[in-house]
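Engineer: After the sequence you'll find the predicted model.
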Amino acid sequence: MTGREIEDLLRRLAPQVLAAVVRKYGDFEHAEDAVQEALLAAAVQWPEQGIPDRPDGWLVTVANRRMIDQIRSETAQRRREMNAAQEEQPEVSDQDDTLTLLMLCCHPDLTPASQIGLTLRAVGGLTTTEIAQAFLVPEATMAQRISRAKQKIRGAKFVLPPEQELPERLRTVLHVLYLIFNEGYTAVRNDLAGEAIRLTRTMHAIRNDGEIAGLLALMLLTNARHEARRTPEGDLVPLDEQDRARWKKDEIREGIALITDTLKTAPLGPYQVQAAIAAVHAEAERAEDTDWRQIVGLYQLLHQLDPSPVVTLNHAVARGMAHGPRAGLALLAPLEAELAAHHRFHAVKAHLLEMAGDREAARSCYRTAASLTTSLPEQRYLQGRAARLDVTR
Amino acid sequence: MKYLIMIYSNPRTWGHPVFLNTEEAEAMTQAERDEMVAGEEALFAEIAESGELVEGQALADPITTRTVRVHNKVPVTTDGPYGEAKEQMAGYFIVDCETPERAVEIAARFPDARFGPVVVRPIMDFSGQDV
């Protein structure tokens, strides 16, 4: 096995091993540390000594030993409590505890930043160093974020939440996975996007749910474009100028099949509608073949399910493409006061004004958008659009 | 989204924490001073637990400042703070927040904001939404 394959294997086993140790000791906080140490030990030893016959058993044994060491170094009181527990080895269960683990890591008492860090480490099997690098924060910051998060949920039980809380908790988990994907995708850290897809795929395999399937399809259809959306210099390429030959066919095929299937059977939800929109884009061989009327309809649906200013902005773009720029601008007008400080509002308005032939106003809106964005690639792109309206006058 | 929070102070009363060394704070009762310290400690505990605190540093007295300019390819260094500004940057924090409103909310809770300006600026990144 290559180092990469060993890493994949470790990440796949991480949640099962952790679940086994947590179930035995009921102490998520220390179990998670012990498993992380076992994973690190494996990453060092396996490439040299070969993969053990039962890799999961090996990891559980090492993590269990770490737990016992930790307990020995603690108070005598606690030692007496745990004496009996040392005898037997935790068992890797056949039942999949990944969902329980995900719900624990995405506990509602934690902030999104903490939920993300904890999920990537405990369920994703990533090291603190890797997570810190992915989110561009110092390792010490990420380590503290994760350990504080674990302290905060110290009392939480390692069981699935009660049935009536499940839908809400599931939504939180999906949102965290979506945030991880989005961070990876927008910042071109493909490892992170890939990790989000892998975790969502795991969820999809263990639970039949329309929104899990919808999110997975959305991630696949979006990720399919990642190579085409930046130039080698890192500049952004808008959807209508992307080289569609560079879109990943296998991800598109899988995403379309998944969302088509899901829409037929499951109750509708926002991730499914977003996936359907991505699918309409993916189906157009050229940008001008895009079925904008269908996209307008889908945004109307999304607006009913999960209204937000971002949805309205995207709806306005779609309307502009389907029914002309003035129709899009009409949709924007009521948002002016609320979104005046947001670059995306001005970028969309600039785009529609440019389509309408109002070059002067378009240029000014692109400039406003450029000064409001906090993304360097977006700023370059928006300044470029403004400059283009200067020179071709 | 990361934000830089800059704390400014008058060099005449330099010292860390900045807010305890101001003339106004010197004139306060011990209870009032303790209340400010407790407020700052509570803020640090909160933003460490939420994962929002990325890092923070205190800066040395402005008198130790060195300002460099290159004239005709020759570096020219001057000692001491640049310009005659009454307030000098005394320290900074980097926070990672969901919204700009939250970054401002954190900044307002630094006791230093009662005595001098606390400035919040977004840090640019390399992410890019689909355009």
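Structural biologist: Alright, I've got the coordinates.

Engineer: Get me the contact residues on chain B for chain A.
Structural biologist: Chain B comes close to chain A at residues B:1-2, B:48-55, B:96, B:98, B:122-131, as judged by CB under 8 Å from any CB of the partner chain. Where you see a C-beta, it was placed from the backbone N, CA and C, and this is true even at glycine.

Engineer: Isn't residue A:317 up against residue A:352?
Structural biologist: Yes. The pair residue A:317 / residue A:352 is scored as a contact, 7.4 Å apart, by CB atoms under 8 Å.

Engineer: what residues are shared contacts of those two?
Structural biologist: By CB atoms under 8 Å, 6 or more residues apart in numbering or on different chains, residue A:317 and residue A:352 have these common neighbours: residue A:328.

Engineer: Mind checking which of those two has more residues around it?
Structural biologist: residue A:352 (26 against 23; other CB atoms under 10 Å in any protein chain shown).

Engineer: Where does that one fall, secondary structure wise?
Structural biologist: According to DSSP states H and E, residue A:352 maps onto helix A:343-355.

Engineer: Is the next helix or strand after that helix in proximity to chain B?
Structural biologist: Moving toward the C-terminus from helix A:343-355, the first helix or strand encountered (DSSP H and E) is helix A:359-372. No. Helix A:359-372 is not in contact with chain B by CB under 8 Å from any CB; minimum separation 9.8 Å.

Engineer: Would you mark the buried spots in helix A:359-372?
Structural biologist: Within helix A:359-372, the residues scored as buried using 16 or more other CB atoms under 10 Å in any protein chain shown are A:362, A:363, A:364, A:365, A:366, A:367, A:368, A:369, A:370, A:372.

Engineer: what packs against that helix?
Structural biologist: With contacts taken as 3 or more CB pairs under 8 Å, 6 or more residues apart in numbering or on different chains; DSSP states H and E, helix A:359-372 sits against helix A:343-355, helix A:376-391.

Engineer: To chain B, which of these lies closest?
Structural biologist: For these, proximity to chain B was assessed by CB to the nearest CB; helix A:376-391 is nearest, at 3.9 Å.

Engineer: what angle separates that closest one from helix A:359-372?
Structural biologist: On the basis of axes from the mean of the first three to the mean of the last three CA atoms, to 10 degrees, helix A:376-391 is oriented at 160 degrees to helix A:359-372.

Engineer: and helix A:376-391, anywhere near chain B?
Structural biologist: Yes. Using CB under 8 Å from any CB, helix A:376-391 comes into contact with chain B via A:376, A:377, A:378, A:379, A:381.

Engineer: Am I right that residue A:239 is in contact with residue B:130?
Structural biologist: Yes. Counting by CB under 8 Å, residue A:239 touches residue B:130, with 6.2 Å between them.

Engineer: next one: the longest helix anywhere in chain B to chain centre, how far?
Structural biologist: Secondary structure of chain B per DSSP state H: the longest helix is helix B:30-49. Mean-position distance between helix B:30-49 and its chain equals 16 Å (CA atoms, centre = their mean, to the nearest Å).

Engineer: Return the set of buried residues in that helix.
Structural biologist: B:36, B:40, B:43, B:47, B:49.

Engineer: how far away is the closest residue to residue A:16 other than its chain neighbours from chain B?
Structural biologist: For residue A:16, ignoring the flanking residues on the chain, the nearest one in space by CB to CB, 6 or more residues apart in numbering or on different chains is residue A:92 at 5.5 Å. Taking CB to the nearest CB, to the nearest Å as the measure, residue A:92 falls 31 Å from chain B.

Engineer: List the contacts of residue A:92.
Structural biologist: Under the criterion of CB under 8 Å, 6+ apart, the neighbours of residue A:92 are A:16, A:17, A:20, A:56, A:57, A:60.

Engineer: Can I get the helix or strand hosting residue B:91 in CSV? Just the C-alpha atoms.
Structural biologist: Element membership of residue B:91, judged by DSSP H and E, is strand B:88-96. What follows is strand B:88-96, C-alpha atoms only, in CSV (Å, rounded to 0.1, in the frame of the first residue of the first chain):
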residue,chain,number,x,y,z
GLN,B,88,-0.3,54.8,18.1
MET,B,89,-1.1,51.2,17.4
ALA,B,90,-0.5,49.3,20.7
GLY,B,91,-1.5,45.8,19.8
TYR,B,92,-3.6,43.7,17.5
PHE,B,93,-5.9,40.7,17.4
ILE,B,94,-6.9,38.5,14.6
VAL,B,95,-10.4,37.0,14.9
ASP,B,96,-12.2,34.6,12.6
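
Engineer: now the strands for chain B?
Structural biologist: B:2-9, B:53-58, B:66-71, B:74-79, B:88-96, B:118-122 (DSSP state E).

Engineer: still on that earlier bit, possible to save the buried residues of helix A:359-372 as CSV with distance to residue A:180 and pLDDT?
Structural biologist: CSV is the format used below for the buried residues of helix A:359-372 (distance: CB to CB, whole Å; pLDDT from 0 to 100):
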residue, distance to residue A:180, pLDDT
A:362, 35, 98
A:363, 37, 97
A:364, 37, 97
A:365, 32, 98
A:366, 31, 98
A:367, 33, 97
A:368, 31, 98
A:369, 27, 97
A:370, 28, 97
A:372, 26, 96
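
Engineer: For the host helix or strand of residue A:217, list the C-alpha coordinates in CSV.
Structural biologist: Assessed by DSSP H and E, residue A:217 sits inside helix A:210-223. Only the C-alpha atoms of helix A:210-223 are listed here, as CSV (Å, rounded to 0.1, in the frame of the first residue of the first chain):
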residue,chain,number,x,y,z
GLY,A,210,-33.3,13.3,0.3
GLU,A,211,-31.3,16.2,1.6
ILE,A,212,-28.2,14.1,2.2
ALA,A,213,-28.5,12.9,-1.4
GLY,A,214,-29.2,16.4,-2.6
LEU,A,215,-26.1,17.8,-0.8
LEU,A,216,-23.9,15.0,-2.2
ALA,A,217,-25.2,15.7,-5.7
LEU,A,218,-24.7,19.5,-5.3
MET,A,219,-21.1,18.9,-4.1
LEU,A,220,-20.3,16.6,-7.0
LEU,A,221,-21.9,18.9,-9.7
THR,A,222,-20.1,21.9,-8.3
ASN,A,223,-16.8,20.2,-7.8
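
Engineer: can you pull the buried residues of that helix?
Structural biologist: Result for helix A:210-223 [16+ other CB under 10 Å]: buried residues A:210-223.

Engineer: Out of the residues you listed, flag the one nearest to residue A:74.
Structural biologist: Closest approach between the buried residues of helix A:210-223 and residue A:74, by CB to CB: residue A:212, at 39.5 Å.

Engineer: Show the model's pLDDT score for the closest one.
Structural biologist: For residue A:212, the model assigns a pLDDT of 97.

Engineer: give me the number of residues near the residue nearest to residue B:24 when sequence neighbours are not counted?
Structural biologist: What sits nearest to residue B:24 in space, not counting adjacent residues and going by CB to CB, 6+ apart, is residue B:115, at 5.8 Å. The number of residues packed near residue B:115 is 22, by other CB under 10 Å.

Engineer: Distance of residue B:115 relative to residue A:211?
Structural biologist: Counting by CB to CB, to the nearest Å, the separation of residue B:115 from residue A:211 is 50 Å.

Engineer: likewise residue B:82?
Structural biologist: Distance from residue B:82 to residue A:211, by CB to CB: 55 Å.

Engineer: so what's residue 113 up against?
Structural biologist: All of this refers to chain A. A:145, B:50, B:51, B:52, B:96.

Engineer: that's the wrong chain, I wanted chain B
Structural biologist: Listed by CB under 8 Å, 6+ apart, the contact set of residue B:113 reads residue B:107.
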